[in-house]
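Trainee: following is a predicted model, sequence given first.
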Amino acid sequence: MRLIDWITDPIPQIQWKGIVDNRDTPHPDDVQRIFHTAGQVFGGHTPRGEVKGIRLRRFGGGWTVVDASGGVLPAARDGPLLALVQFDITGTSIEPDPVPPTDDGHPGLE
C-alpha cells in the first residue's frame, strides 16, 4: 500500500514514513490490525474495511488517534487496485514511541 494523493488536506503534523525515517507511521501495536483489514479488502473478501483507534506518529513525539474506513474503487480489469480511505481524527496520545528511528517498518502485505 502506498499513498498517492490526498483529496483534502493531509492530517496535520503526522510523520509519514519516509519523511524523517522509515518507521511505519502507525503505532506498532496497530500495524497488524491495519494490514489484516487491508488484506481482507484487497483480497476481495469484503467490499470495505474499518479500523478504529489507529495511532499515527506525530512530529516531535506522541500520536494522533484516527478511525479509518475505506474500500477499493472500481477499476478496469487490468488496472491497478486503488482504494479511497477516510481518516477521522478522534484524539491524541502522549505514550512513548517504542520504535527506534533505525527501524525499517512492516514489510507490507503478505
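Mentor: Structure's in. What do you need? Numbering: from 1, shown residues only.
Trainee: right, and Thr64 touches Leu56 too?
Mentor: Yes - assessed by Cβ atoms under 8 Å, Thr64 is found in contact with Leu56 at 4.9 Å. In this view, the C-beta of every residue, glycine as well, is placed from N, C-alpha and C.
Trainee: more crowded one of these two?
Mentor: Leu56 (24 against 21; other Cβ atoms under 10 Å).
Trainee: got the contact list for the more buried one?
Mentor: Neighbouring residues of Leu56 by Cβ atoms under 8 Å, 6 or more residues apart in numbering: 11, 14, 25-27, 63-66.
Trainee: re the thing from before, between Thr64 and Leu56, what contacts are shared?
Mentor: 11, 14.
Trainee: quick one: the strands in this protein?
Mentor: Along the chain, the stretches classed as strands by DSSP state E are 48-57, 63-72, 83-93.
Trainee: the second one vs strand 48-57, what angle?
Mentor: Right, strand 63-72. 160 degrees (axes from the mean of the first three to the mean of the last three Cα atoms, to 10 degrees).
Trainee: strands paired with strand 63-72, and their directions?
Mentor: strand 48-57 (antiparallel), strand 83-93 (antiparallel) (DSSP bridges).
Trainee: contacts for stretch 86-103 next, please.
Mentor: Under the contact criterion Cβ under 8 Å, 6+ apart, stretch 86-103 has outside partners 11, 20-24, 28, 52-53, 55, 57-58, 61-70.
Trainee: which parts of that stretch are buried?
Mentor: For stretch 86-103, the neighbour count (16 or more other Cβ atoms under 10 Å) marks 87, 97 as buried.
Trainee: using CSV, write down the CA coordinates of that stretch.
Mentor: As requested, the backbone C-alpha atoms of stretch 86-103 are provided in CSV (Å, rounded to 0.1, in the frame of the first residue of the first chain):
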residue,chain,number,x,y,z
GLN,A,86,-11.3,8.3,5.0
PHE,A,87,-9.5,9.3,8.3
ASP,A,88,-11.4,10.8,11.2
ILE,A,89,-9.3,12.3,14.0
THR,A,90,-10.6,11.1,17.3
GLY,A,91,-7.9,12.2,19.8
THR,A,92,-4.3,12.2,20.7
SER,A,93,-1.9,10.1,22.9
ILE,A,94,1.4,11.1,24.6
GLU,A,95,2.5,7.5,25.1
PRO,A,96,6.2,6.9,24.3
ASP,A,97,7.3,5.7,20.9
PRO,A,98,8.6,2.1,21.3
VAL,A,99,10.2,2.0,17.8
PRO,A,100,13.8,3.2,17.3
PRO,A,101,14.4,5.6,14.4
THR,A,102,16.6,2.9,12.7
ASP,A,103,13.6,0.6,12.2
